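J.: sequence and predicted structure below; questions after.
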Amino acid sequence: MTYLKKSPWLLHYDASSCNGCDIEVLASLTPLYDIERFGIINTGNPKHADIFLVTGGVNVQNKQVLINTYEQIPEPKVVIAIGICATSGGIYRECYNILGGIDKIIPVDVYVPGCAARPESIIDGVVTALGILEQKRLAMKTKTETKMVKAGDAR
Amino acid sequence: MIPEYLMPFIKAFLYILLAPVVGGLIAGIDRRVTARMQGRVGPPLLQPFYDLAKLFEKENLVVTASQNFFVLSYLVFMAVAGALFFSGGDMLLVIFAFTLSHIFLVLGAYASYSPYSHVGAERELLQIISYEPMIILTAVGMYMVTRSFFVSTIVTSNIPIILYLPGVFIGYLIVLTIKLRKSPFDLSTSHHAHQELVKGVTTDFGGPNLGKIEIAHWYEYVFLLGVVWLFFAWNPLIAIVAIIIAYFIEILIDNTFARVKWQLMLRSAWIIAGTLGLVNLGVLYYLRMVVP
């Protein structure tokens, strides 16, 4: 049985976004869209999160913060790049301080382009991510099982 | 028929089995009512159970291995406290086990290196300092009315305890807000405002460990509402209505009040709740002296 799909908790990180996409992320929590209907909670804590939402093209200063936050999320986890800046760097792509797209730093599973990405497309991106989350959970399970079998052989 | 001496064990067993179910349902209703108060639809009723099942599907990420031990102790002692209470044990022993379980949670939070976790642990200690005197006053009040610290005797005493202890009851409701981690006093976990302290005491617990903390909270809900029951124990129907009203008021307060600083929490719990409780006990003592 999978319960991950029924209760995905989000972590939202602003990697030098202009706040346009961030406001749209928060808009999907408001009564109009109310993503808590699907059991989605916006947590502020990487250790409680399942889905990592990142907005903005990363710059040299917050690159390490992004990596640290990503590594603190327990497996299975998925990363969603929200907005065109997080997807490819957008209009800031050529800037001297922008690394251009968060997939240069951490693995990304779902891209939600747009400037700013609309709440509907963000919710759609999260729903797509749930399918990937389930695949990762099954992969993790098989991996642990093989590990256990191997440990048994060694004895 | 079940022999008399086995009854406490059966009651304790039933509590350990059923309390997480009841507590989870209470949490689900809480989340739905909260959503409705905010003009939202809210999650399904069984959402807390989905959350719990999900947490056990996740990887157990810990900073130090001792966190696992502290969280397990928190859960076990919380279950023991409630089991003692529902099997009709000594109120003072119940409160002792109850406090001990929270100390384990604080130790678990101190075991990690995160500053958020440490601030959360300090605030949890402040919360324990705030509510502890009032909970003891509740037990003492019940002793003054029924002449017993044993829950079994208090329940079967057939005295309408609430009529003797209205002040203690209001004081208990005030500390109940702290205990249920409701808004004006949810300092240590920042239950709703997730960003301020990250997640306070639970910052460094993820996956199954967070799930265990969640189960412990559900045990706690049932135990705390069981104490409300004691005030109305002479009439089960009124007791259930009182529990529903008390919990509804807690949700309403949760949604209408902003979070306070720890100083105001300590003052509310000691000066307001403590005074109400002590004056109540003083009047009761005086009446006992004058009216035999």
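T.: Okay, I see it.

J.: report whether stretch B:36-52 contacts chain A.
T.: Yes: shown here: stretch B:36-52 in contact with chain A (Cβ under 8 Å from any Cβ of the partner chain) through B:38, B:39, B:40, B:41, B:42, B:43, B:44, B:47, B:50, B:51. Yep, even glycine has a C-beta here, placed from its N, CA and C like the rest.

J.: again, but for stretch B:22-35
T.: Yes: counting by Cβ under 8 Å from any Cβ, chain A has neighbours in stretch B:22-35: B:31, B:35.

J.: for that stretch, buried residues please.
T.: If you call a residue buried by 16 or more other Cβ atoms under 10 Å in any protein chain shown, then stretch B:22-35 has these buried ones: B:23-35.

J.: quick one on the thing from earlier: can I get the residues of stretch B:36-52 next to chain A in a markdown table including pLDDT?
T.: Below are the residues of stretch B:36-52 next to chain A laid out as a markdown table (pLDDT from 0 to 100):
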| residue | pLDDT |
| --- | --- |
| B:38 | 86 |
| B:39 | 86 |
| B:40 | 85 |
| B:41 | 86 |
| B:42 | 85 |
| B:43 | 89 |
| B:44 | 89 |
| B:47 | 90 |
| B:50 | 91 |
| B:51 | 90 |
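
J.: ranking those by neighbours, who comes first?
T.: Among the residues of stretch B:36-52 next to chain A, residue B:43 has the most neighbours (other Cβ atoms under 10 Å in any protein chain shown), with 25 neighbours.

J.: what's the following helix or strand after whichever strand or helix holds residue B:16?
T.: Assigned by DSSP states H and E, residue B:16 falls within helix B:7-37. Next helix or strand after helix B:7-37 toward the C-terminus (DSSP H and E): helix B:47-57.

J.: run through the neighbouring helices and strands of that next one.
T.: Using 3 or more Cβ pairs under 8 Å, 6 or more residues apart in numbering or on different chains; DSSP states H and E, the elements in contact with helix B:47-57 are helix B:7-37, helix B:208-231.

J.: pick the most deeply packed of those.
T.: Looking across the helices and strands packed on helix B:47-57 with neighbours counted as mean count of other Cβ atoms under 10 Å in any protein chain shown, the highest average goes to helix B:208-231: a mean of 22.

J.: any part of that one near chain A?
T.: Yes: for helix B:208-231 and chain A, the contact criterion (Cβ under 8 Å from any Cβ) is met by residue B:210.

J.: who touches the helix or strand following that helix?
T.: As assigned by DSSP H and E, the chain's next helix or strand after helix B:208-231 is helix B:236-256. By Cβ atoms under 8 Å, 6 or more residues apart in numbering or on different chains, the residues outside helix B:236-256 that reach it are B:26, B:30, B:33-34, B:37-38, B:162, B:173, B:176-177, B:180, B:182-184, B:192, B:225, B:228-229, B:231-233.

J.: cutoff 7 Å now
T.: Residues from elsewhere that reach helix B:236-256 (Cβ atoms under 7 Å, 6 or more residues apart in numbering or on different chains): B:30, B:33-34, B:37-38, B:173, B:176-177, B:180, B:182-184, B:225, B:228-229, B:232-233.

J.: now stretch A:77-84
T.: Contacts of stretch A:77-84 (Cβ under 7 Å, 6+ apart): A:17, A:21, A:25, A:50-55, A:70, A:87, A:90, A:102-103, A:106-117, A:122, A:125-126, A:129, A:132-133, A:136.

J.: tell me which parts of chain A are close to chain B?
T.: Contacts of chain A with chain B, taken as Cβ under 7 Å from any Cβ of the partner chain, map to A:3-4, A:6-7, A:31, A:34, A:36-37, A:39, A:42-45, A:47-48, A:74-75, A:137.

J.: one more time with 6 Å, if that's ok
T.: Proximity of chain A to chain B, by Cβ under 6 Å from any Cβ of the partner chain, involves residues A:3-4, A:6-7, A:31, A:34, A:36-37, A:39, A:43-45, A:47-48, A:74-75.

J.: before we move on, back to that, including mean pLDDT, could the helices and strands packed on helix B:47-57 go into a markdown table?
T.: Output for these, formatted as a markdown table (pLDDT from 0 to 100):
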| stretch | mean pLDDT |
| --- | --- |
| helix B:7-37 | 89 |
| helix B:208-231 | 91 |
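
J.: columns distance to residue B:147 on top of these, output as a markdown table?
T.: Conversion of the helices and strands packed on helix B:47-57 to a markdown table gives the following (distance: least, Cβ to Cβ, whole Å):
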| stretch | distance to residue B:147 |
| --- | --- |
| helix B:7-37 | 20 |
| helix B:208-231 | 15 |
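
J.: pull out the buried residues from the residues of chain A next to chain B.
T.: A:3-4, A:6-7, A:34, A:36, A:39, A:43-45, A:47-48, A:74.

J.: so, low pLDDT: which residues of the stretch 151-292 of chain B?
T.: Flagging of the stretch 151-292 of chain B using pLDDT under 70 yields the residue ranges B:190-195, B:291-292.

J.: change it to 90
T.: Applying pLDDT under 90 to the stretch 151-292 of chain B flags residues B:151-167, B:174-209, B:230-236, B:253-278, B:280-292.

J.: swap in chain A?
T.: For chain A, the stretches flagged by pLDDT under 90 are A:1-22, A:24-50, A:56-63, A:71-72, A:74-77, A:85-105, A:113-120, A:122-124, A:126-155.

J.: burial of residue B:196, as a residue count?
T.: Around residue B:196 there are 14 residues (other Cβ under 10 Å).

J.: that one sits in which helix or strand?
T.: Using DSSP H and E, no element contains residue B:196; it sits outside every helix and strand.

J.: quick one: it and residue B:30, what's the gap?
T.: 21 Å (Cβ to Cβ, to the nearest Å).

J.: what about residue B:247, distance to residue B:189?
T.: Residue B:247 sits at a distance of 19 Å from residue B:189 (criterion: Cβ to Cβ).

J.: same deal with residue B:69?
T.: In terms of Cβ to Cβ, residue B:69 sits 21 Å off from residue B:189.

J.: those two: which has the busier surroundings?
T.: Per other Cβ under 10 Å, whichever of residue B:69 and residue B:189 has more neighbours is residue B:189, with 22 against 14.

J.: which residues are in contact with the more buried one?
T.: Contacts for residue B:189 (Cβ atoms under 6 Å, 6 or more residues apart in numbering or on different chains) come out as B:181, B:200, B:201, B:202.

J.: next step: the contacts of stretch A:77-84 restricted to helices.
T.: A:21, A:25, A:70, A:87, A:122, A:125, A:126, A:129, A:132, A:133, A:136 (DSSP state H).
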